[in-house]
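S.K.: based on what follows, work out the 3D shape:
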Amino acid sequence: MRHLAATLLVTSIAFPALADTVIQQKSDDGENTTISIKGDWARLDSGGDSEYQLWNLKTGELNVVMPEDRTIMVVNLRAKQSKKKQRPIKATIKKSGKGPKIAGYATTEYTVTAAGKRCGKEYISSAAAKSPEIRRLVENFASLAGLDDIMPGPMGAMAQSMQDPCDLASQSLGDQLPKLGMPLKSIDASGRVETEVTSIDTHARLDAKRFELPAGYKRTTMKEMMGEAMKEMQQMMQNIPPEGQQLLQQLFQKPQ
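M.R.: This is a model prediction of the structure:
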């Protein structure tokens, strides 16, 4: 019995039970987002919406689960499809002081600029990123592809060209953020709080079923959904005057 007890003790020390992580975040529009992490999977739930996202942190595959339509849209967040990808905007992030404690973690204040434009401040915690699950999440966010990669054809290039330089800054700073830590609060140039982490629980116990893809759902891609949307738009355009049709066609032409 002593040998059995000793074996169990050694086993418990060598292979500790892995805890799960739950991050609560609020945005400026009042929406609350819960990010739950268990193993290779992260689940994102926003507000009271029935739609949620299951993100495979190992492969970069994002599954947008839409229960009302019984549909799952699959997106490869690490896709690199554009042959002539628009180069990321030039952005910088510089330490500007000591930040406040956020969700129980000390932070450092950083100022972000993009294309010579002051974008605001980021409050980043190196202590929070010591958690393996949180660090992995940050690294995955940093590796996200741009809109011109994720969205099909000229639609992606057009969407990216219409974005504000500050919205594209995170893509350019992707390699730097994991080295700094976990962003806990973002403030825009006007001083408005865009997002803020309100709590972090690194000792949670989550039901594995919450991270399983529902069976019997139709699987689709962004390209297929955009194609269906275009068909619906074409049907709507039949009832639009010729001058209106010409304007819409110009909007969706491939940028030169």
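
S.K.: what segments of the stretch 151-256 of the chain are helices?
M.R.: 153-161, 165-172, 177-180, 222-237, 242-251 (DSSP state H, counting those that start in this stretch).

S.K.: which residues touch the most centrally placed residue in the chain?
M.R.: Taking C-alpha atoms, centre = their mean, the centroid of the chain lies closest to Phe141, which sits 5.6 Å from it. Phe141 is in contact with Leu177, counting by C-beta atoms under 8 Å, 6 or more residues apart in numbering. C-beta: built from backbone N, CA, C; applies to glycine.

S.K.: hmm, back to that, the helices of the stretch 151-256 of the chain: lowest mean pLDDT?
M.R.: Mean pLDDT is lowest for helix 153-161 among those, at a mean of 47.

S.K.: show residues contacting stretch 23-30.
M.R.: Against stretch 23-30 from outside (C-beta under 8 Å, 6+ apart): 32-37, 134, 137, 192-201.

S.K.: ok, 7 Å please
M.R.: Residues from elsewhere that reach stretch 23-30, judged by C-beta atoms under 7 Å, 6 or more residues apart in numbering: 32-35, 192-200.

S.K.: could you turn the buried ones of those into a ChimeraX selection?
M.R.: To isolate the buried subset of the contacts of stretch 23-30 in ChimeraX, counting by 16 or more other C-beta atoms under 10 Å, use the following:
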select :33,35,196,197,200
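
S.K.: okay, the contacts of stretch 23-30 in CSV with pLDDT and distance to Thr220 next?
M.R.: Converted to CSV, the contacts of stretch 23-30 look like this (pLDDT from 0 to 100; distance: C-beta to C-beta, whole Å):
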residue, pLDDT, distance to Thr220
Asn32, 93, 28
Thr33, 94, 24
Thr34, 96, 25
Ile35, 96, 24
Arg192, 94, 35
Val193, 95, 35
Glu194, 93, 30
Thr195, 94, 29
Glu196, 97, 33
Val197, 97, 32
Thr198, 97, 34
Ser199, 97, 34
Ile200, 97, 34
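
S.K.: can you tell me which of the contacts of stretch 23-30 end up in strands?
M.R.: Those of the contacts of stretch 23-30 mapping onto strands are 32-35, 193-200, per DSSP state E.

S.K.: redo the contacts of stretch 23-30 as TSV? Include distance to Gln176.
M.R.: Listed next are the contacts of stretch 23-30 as TSV, based on distance: C-beta to C-beta, whole Å:
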residue	distance to Gln176
Asn32	28
Thr33	24
Thr34	27
Ile35	21
Arg192	24
Val193	22
Glu194	19
Thr195	19
Glu196	21
Val197	19
Thr198	25
Ser199	26
Ile200	22
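
S.K.: just the closest of the contacts of stretch 23-30 to Val112, please.
M.R.: Ranked by distance to Val112 (C-beta to C-beta), the contacts of stretch 23-30 are led by Glu194 at 11.6 Å.

S.K.: I figured that closest one hits Pro183, correct?
M.R.: No: the criterion here is C-beta atoms under 7 Å, and Glu194 misses it with Pro183 at 10.6 Å.

S.K.: is Phe141 located within a helix, as I assumed?
M.R.: Yes: counting by DSSP: H, G, I helix; E, B strand; the rest coil, Phe141 falls inside a helix.

S.K.: local confidence estimate at it?
M.R.: For Phe141, pLDDT reads 82.

S.K.: same thing with the one 4 residues further on?
M.R.: Model confidence at Ala145, given as pLDDT, is 48.
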